[in-house]
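K.L.:
Can you look at this prediction? I've put the sequence above it.
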Amino acid sequence: MSRAVITVMGVDRVGIVAGISSLLAQYNVNIEDISQTIMQGIFVMAMIVNVSQLPCSFSEFKKALEERGKELGVEVWLQREEIFRAMHRV
Amino acid sequence: MKRGFVSLNEIMETIEMVRKEKLDIRTITLGISLLDCCGRDPKEVMERVYNKIVKVASKFVDVVREVEEEYGIPIVNARISLTPISLVSAGFDEGAFVELGRVLELAANEVKVDFIGGYGALVEKGMTPWEERLISVIPYVLSSTEKVCSFVNVASTKAGINIDAVLLCAKVIKRSAELTSSRDGIGATKFVVFANAPSDNPFMAGAFHGVQEGETTINVGVSGPGVIRAVVEDLRGMDFRNLANEIKRAAFKITAAGELLGKEIARRLGVTFGIVDLSLAPTPNPGDSVAEIIEAMGIERCGLPGTIAALALLNDAVKKGGVMASSSVGGLSGAFIPVSEDAEMARCALEGSINIGKLKAMTCVCSVGLDMIAIPGDTPIEVIACIIADEMAIGVFNSKTTAVRLVPVPGKKVGDKAHWGGLMGEAPIIGVDSGRVDAFIMRGGRIPPPLFSFNN
């Protein structure tokens, strides 16, 4: 199982979730969980996704995601999930 | 979020550490043993050294960049540390030693690492003739290369302080600065004199791959003063025990991130994972400062009364948090207090709250020593040697590592500034007490080790 976290930050507007999730479908990436909130007036969304069926390298997928983020006017991060587990769980 | 998944808060905390507080991994350092490159013929040794470095490290930088991208934690430098060069070059003459330095530079360029360390010797108890020759050519190597870093261990708690070597090193410092006078003596920024040098330190300029290490190792140097500063800043008025606990928590997170990335890089390279050095290593960037952590604790300017107590608490809490996060803690592991690499420290030196005496006192309770300090270019060699001897005594008699990285900036005096750029930053020239000390240091020989070292 290869999980990653996608974090999206920016001004809330129509089409952010759709814009990101359509790209995920295109890259065969399943969304396992989503949560979102507003932090200090900024829209924040985190998705836990499964990247084990990617048709390309992690790096290429990351570039495509960042490109989509630019089109949507939001900041997008893609990171392997282990980093969060390592840092925040004893 | 579903149970068992990481939470949104955890995700955002990590991302904010990178975005706002400049969390990064300062260095991934690949240690390479050169013990199988020894030989009588310098040409053959150099060929074996070059080939081994290039073979072992061919994919190193690519793997570092790949892991950096996948985990989203910036990795600033990829470096190589080598078996101390004196151990693989027995009998070399001066010319061969200079040539070997050039070969290391070529190898570092070929595999695209930022620095290559280990050009040095361990001489705390005595020096072989070729070790003396090696040390004497260090200035020429540092002034004719960019990436080669050099060290000499002149003291240990078991052996005492080799004053003959201290004097030689003072000459190296002076000459390295003179040979790079057009760049404010940058040669001397790549040379460290040690007491009790750790064999697994990933940080430059003092990194080397000790003989007790394995064939190849990945060692990680984390950073993160900005993260600690943010924590301390949010906790104004909190008592010291609770403050120490909060620093431990933050140090835990930073160390865990470093260990995860280091282990993953080691796995992908097929190399043993060594240690995480959980030092707080500042950079000249605003907010990425150890001096600012001390100030966030409530001291108006670093160096004022209270500074030593604050630094002691900080250094200890960082160690405790790190040790909880990883069973592979090593290197220096504590707070670094370089002057030029920490913009706030440099400002305090300019304003006078920091001077050499205070910095010496601070090194009694933190993990390093007198680091990246610019002094007047006309400081006599004997005075530089006495500063080194003082700092070595602090290390030897407190059973800890201390180091000296001084730059006597050619042509500059107190009040001027030295500019080195990049991670090296800039520093005001700090005054050195004047007066004759040569009759002391010229005695030569070795200062015996302390009583408590006779514990067999």
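P.N.:
Yep, it's here. Numbering: from 1, shown residues only, chains lettered A, B, ... in the order given.
K.L.:
How much space separates the residue of chain A found nearest chain B from B:Val6?
P.N.:
Proximity of chain A to chain B (C-beta to the nearest C-beta) peaks at A:Gln79, 3.7 Å away. (Glycine included, C-beta is placed from N, CA and C.) In this structure, A:Gln79 and B:Val6 are 10 Å apart, going by C-beta to C-beta, to the nearest Å.
K.L.:
ditto for A:Met9
P.N.:
For A:Met9, the distance to B:Val6 under the criterion C-beta to C-beta works out to 17 Å.
K.L.:
higher neighbour count, these two?
P.N.:
Legend: neighbour count by other C-beta atoms under 10 Å in any protein chain shown for A:Met9 and B:Val6, higher for B:Val6 (22 against 18).
K.L.:
for B:Asp200, helix, strand, or coil?
P.N.:
At B:Asp200 the chain is in coil, as set by DSSP: H, G, I helix; E, B strand; the rest coil.
K.L.:
cool, and B:Asn219?
P.N.:
strand.
K.L.:
mind listing what it touches?
P.N.:
Contact criterion C-beta atoms under 8 Å, 6 or more residues apart in numbering or on different chains gives B:28-29, B:31, B:81, B:200-202, B:207, B:262, B:274-277, B:330-331 as the residues in contact with B:Asn219.
K.L.:
Out of the residues you listed, who's the most crowded?
P.N.:
In terms of neighbour count, B:Pro202 stands highest of the contacts of B:Asn219 at 34 neighbours, by other C-beta under 10 Å.
K.L.:
close enough to count as contact, that one and B:Thr217?
P.N.:
No - judged on C-beta atoms under 8 Å, B:Pro202 makes no contact with B:Thr217 at a distance of 9.5 Å.
K.L.:
distance of B:Ser199 from B:Lys417?
P.N.:
Look at B:Ser199 and B:Lys417: by C-beta to C-beta, they are 36 Å apart.
K.L.:
Actually, B:Val231.
P.N.:
When C-beta to C-beta is the yardstick, B:Val231 and B:Lys417 sit 32 Å from each other.
K.L.:
Name the residue in those two with the higher neighbour count.
P.N.:
B:Val231 (19 against 15).
K.L.:
residues in contact with the longest helix along chain A?
P.N.:
When chain A is parsed with DSSP state H, its longest helix is helix A:58-72. Where contact means C-beta under 8 Å, 6+ apart, the residues beyond helix A:58-72 that reach it are A:4, A:6, A:8, A:10, A:15-16, A:19-20, A:23, A:27, A:29, A:51, A:54, A:75-76, A:78, B:66, B:69-70.
K.L.:
Assign the nearest residue to B:His419 once chain neighbours are set aside to helix, strand or coil.
P.N.:
Leaving aside its sequence neighbours, B:His419 sits nearest to B:Glu426 (C-beta to C-beta, 6 or more residues apart in numbering or on different chains; 4.5 Å). Three-state assignment for B:Glu426 (three-state DSSP): strand.
K.L.:
show me the contacts for the residue in the stretch 51-200 of chain B that chain A sits nearest to.
P.N.:
Using C-beta to the nearest C-beta, B:Gly72 is the residue of the stretch 51-200 of chain B that sits closest to chain A, at 3.7 Å. Listed by C-beta under 8 Å, 6+ apart, the contact set of B:Gly72 reads A:77-79, A:83, B:15, B:18.
K.L.:
and what of B:Glu426?
P.N.:
B:284, B:340, B:346, B:417-420.
K.L.:
do you know how far it is from chain A?
P.N.:
Going from B:Glu426 to chain A by C-beta to the nearest C-beta, to the nearest Å gives 32 Å.
K.L.:
what's the burial count for A:Ile42?
P.N.:
Per other C-beta under 10 Å, the neighbour tally for A:Ile42 reads 13.
K.L.:
Revised request: answer the last question for B:Leu313.
P.N.:
Other residues lying near B:Leu313 total 18 when counted by other C-beta under 10 Å.
K.L.:
can you pull the pLDDT of B:Asn456?
P.N.:
As predicted, B:Asn456 sits at a pLDDT of 87.
K.L.:
What is the burial count for it?
P.N.:
Per other C-beta under 10 Å, the neighbour tally for B:Asn456 reads 4.
K.L.:
what about the residue nearest to B:Leu82 when sequence neighbours are not counted, is that helix, strand or coil?
P.N.:
Take B:Leu82 and drop its neighbours on the chain: the residue closest to it by C-beta to C-beta, 6+ apart is B:Gly118, 3.2 Å away. Secondary structure state of B:Gly118, per three-state DSSP, is strand.
K.L.:
how close does B:Phe454 sit to chain A?
P.N.:
B:Phe454 sits 41 Å away from chain A, taking C-beta to the nearest C-beta as the criterion.
K.L.:
Next, please give the residue ranges for the helices of the stretch 351-456 of chain B.
P.N.:
In order along the chain, the stretch 351-456 of chain B carries the following helices (DSSP state H, counting those that start in this stretch): B:356-362, B:381-397, B:438-441.
K.L.:
So is the helix or strand where B:Ala230 lies next to chain A?
P.N.:
When elements are defined using DSSP states H and E, B:Ala230 is found to belong to helix B:225-233. No - when contact is scored as C-beta under 8 Å from any C-beta of the partner chain, no part of helix B:225-233 falls within range of chain A; the minimum is 10.6 Å.
K.L.:
so what does that helix touch, helix or strand wise?
P.N.:
When contacts are defined as 3 or more C-beta pairs under 8 Å, 6 or more residues apart in numbering or on different chains; DSSP states H and E, helix B:225-233 packs onto helix B:240-269, helix B:290-296.
K.L.:
In that helix, which residues are buried?
P.N.:
B:225-232 (16 or more other C-beta atoms under 10 Å in any protein chain shown).
K.L.:
quick one: low-confidence parts of chain A?
P.N.:
Low-confidence regions of chain A, defined by pLDDT under 70, span residues A:1.
K.L.:
how about a cut-off of 50?
P.N.:
Judged by pLDDT under 50, chain A has no weakly predicted residues.
K.L.:
picking up where we left off before, what does the helix holding B:Ala230 contact?
P.N.:
Applying C-beta under 8 Å, 6+ apart, the set of residues contacting helix B:225-233 from outside is B:17, B:20-23, B:243, B:246-247, B:249-251, B:253-254, B:280-282, B:287-290, B:292-293, B:296-297, B:314, B:318, B:335.
K.L.:
what about it, distance to the chain center?
P.N.:
Using C-alpha atoms, centre = their mean, to the nearest Å, the distance from the centre of helix B:225-233 to the centre of the chain it belongs to is 21 Å.
K.L.:
got a list of what residue 30 touches?
P.N.:
Defaulting to chain A. Going by C-beta under 8 Å, 6+ apart, A:Asn30 touches A:24, A:49-50, A:53.
K.L.:
my bad, chain B
P.N.:
B:Leu30 makes contacts with B:56-57, B:60, B:78-81, B:113, B:216-218, B:269, B:271, as judged by C-beta under 8 Å, 6+ apart.
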